[in-house]
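Novice: What follows is a predicted protein model with its sequence.
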Amino acid sequence: MNPWLKRLPGFQRSAAGMEWTLWKRLPAILVWGTLLPVVAALVWHGLAPAEPTPAEARSLLLVDYVVAGVVILHWTVVLTLAIGCVIVMLMKGPAYVADAYDMPHSDKPV
């Protein structure tokens, strides 16, 4: 018997909720949220003239920076959601009994 993981007798697990629905959709959310800004930037670059003026070149570079920022922000949001889903799944999981610890300064003698 494993002394570290003793399940609490009589504990009933909570029903699965929105965390599993979101967990299953996170890969698609990650891919689509990454591809959409990148495709939009590629279209923007495709519509740009072959020899852009300095102002147009600056605008194209600004689009690249904005897309990079949006993609990185999206990745951090998806990672935060994934961490939240894992925490909720762990909290809804089975309960375990902790080892008893006798307090040395308790009011009643042992």
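Specialist: Yes, it's here. Residues are numbered from 1 along each chain as shown.

Novice: Could you list the low-pLDDT ranges of this structure?
Specialist: 1-4, 99-103, 105-110 (pLDDT under 70).

Novice: could you redo the last one with a cut-off of 50?
Specialist: Across the chain, nothing is flagged by pLDDT under 50.

Novice: That one: strands as residue ranges?
Specialist: Under the criterion DSSP state E, the chain contains strands at 6-7, 96-97.

Novice: could you redo the ones you listed as JSON lines and give each row distance to residue 55 and mean neighbour count?
Specialist: The way it works is simple: take the backbone N, C-alpha and C, and place the C-beta from them, glycine included. Formatted as JSON lines, the strands of the chain follow (distance: least, CB to CB, whole Å; neighbours: other CB atoms under 10 Å):
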{"stretch": "strand 6-7", "distance to residue 55": "67", "mean neighbour count": "12"}
{"stretch": "strand 96-97", "distance to residue 55": "64", "mean neighbour count": "11"}
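
Novice: Would you reformat those as a markdown table and include distance to residue 27?
Specialist: Formatted as a markdown table, those follow (distance: least, CB to CB, whole Å):
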| stretch | distance to residue 27 |
| --- | --- |
| strand 6-7 | 31 |
| strand 96-97 | 30 |
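
Novice: Report the buried residues of the lengthiest helix in the chain.
Specialist: As assigned by DSSP state H, the longest helix anywhere in the chain is helix 54-91. Neighbour-count burial for helix 54-91, with 16 or more other CB atoms under 10 Å as criterion, is recorded at 63, 67, 70, 71, 74, 78, 81, 82, 85, 88.

Novice: Please name the nearest non-neighbouring residue to residue 16.
Specialist: Excluding its sequence neighbours, the residue lying closest to residue 16 (CB to CB, 6 or more residues apart in numbering) is residue 92, at 7.4 Å.
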